[in-house]
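>>> Provided below are the primary sequence and the corresponding predicted coordinates.
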Amino acid sequence: MDAPRYRALMRHQAGAVAIIAAGRTGSRGGLTATAFSSLSDNPPTLLVCVQRKSGTHGVIVAAKSFSVNILAREQQALAERFSGKGGVTGEHRFEGGAVWETLATGAPVLSGALASLDCELLDEHQFSTHSIFIGRVIDGRFRGEGEPLLYFRNDYWDIGAR
Ligand SMILES: Cc1cc2nc3c(=O)[nH]c(=O)nc-3n(C[C@H](O)[C@H](O)[C@H](O)COP(=O)(O)O)c2cc1C
């Protein structure tokens, strides 16, 4: 099967949307991602799949930590900004008015995300164009209300509006 056919199948998997973020103020990196998953609750671990050509990839490796910020329905504009729409890159993605804080690792954590998981980089596996980063979750926080932003059939879905 070729890549377009594979993508035509996978676009039917509705998924949560997150911003993966890393680095220190002035040299932060972040990208919109749907390829993330819980790995285990003992120890608390998750995995994210990041393209090696992404600017955020090197920031995660250098910082040895990253955050996963699960977006709420009203955060579609942030998802677009962190996917490169509008051509904003690197540290400039963090300048759009959103509030970014830190928890235990120092990775940027998005205020207003449904949940943020603060991870130490535990392991890294290379496959083809991507790296699978395994993070040990050492801190986090959640809102406890609000609805998720979803991605389905190549589009964002606000489940409250549809
Ligand atoms: C809905 C959506 C999901 C995405 N999921 C991923 C992902 O899981 N992993 C990834 O590496 N890129 C993913 N991307 C692409 C990145 O967000 C995009 O290439 C980004 O500009 C990379 O930024 P950077 O090069 O500054 O790190 C996704 C894009 C969109 C719109």
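Sure, I can see it. Numbers count the residues shown, from 1 in each chain.

>>> burial measure for the closest residue to R143 other than its chain neighbours, as a count.
Distances taken as C-beta to C-beta, 6 or more residues apart in numbering put L114 closest to R143, at 5.6 Å, once the chain neighbours are dropped. Every C-beta, even on glycine, is put in place using the N, C-alpha and C of the backbone. L114 has 21 neighbours, counted by other C-beta atoms under 10 Å.

>>> G30 against R93, yeah?
Yes. Counting by C-beta atoms under 8 Å, G30 does reach R93; the two are 5.6 Å apart.

>>> please see if the lowest-mean-pLDDT helix or strand in the chain touches the ligand.
Here the helix or strand of the chain ranked lowest by mean pLDDT, DSSP states H and E is strand 155-158, holding a mean of 93. No. No part of strand 155-158 sits near the ligand under the criterion C-beta under 6 Å from any ligand atom; the closest distance found is 7.4 Å.

>>> returning to what we had before: the residue nearest to R143 against L71, yeah?
Yes. In terms of C-beta under 8 Å, L114 counts as a neighbour of L71; the distance is 6.8 Å.

>>> ok, residues contacting stretch 113-123?
Residues from elsewhere that reach stretch 113-123 (C-beta atoms under 8 Å, 6 or more residues apart in numbering): 19, 45-46, 60-61, 63-72, 75, 103-105, 107, 109-110, 133-143, 146, 148.

>>> can we see that at 6 Å?
Contacts to stretch 113-123, defined as C-beta atoms under 6 Å, 6 or more residues apart in numbering, come from residues 64-70, 72, 103-105, 107, 109, 134-143, 146.

>>> return the set of buried residues in that stretch.
For stretch 113-123, the neighbour count (16 or more other C-beta atoms under 10 Å) marks A113, L114, A115, S116, L117, D118, C119, E120, L121, L122 as buried.

>>> nothing else from me, thank you.
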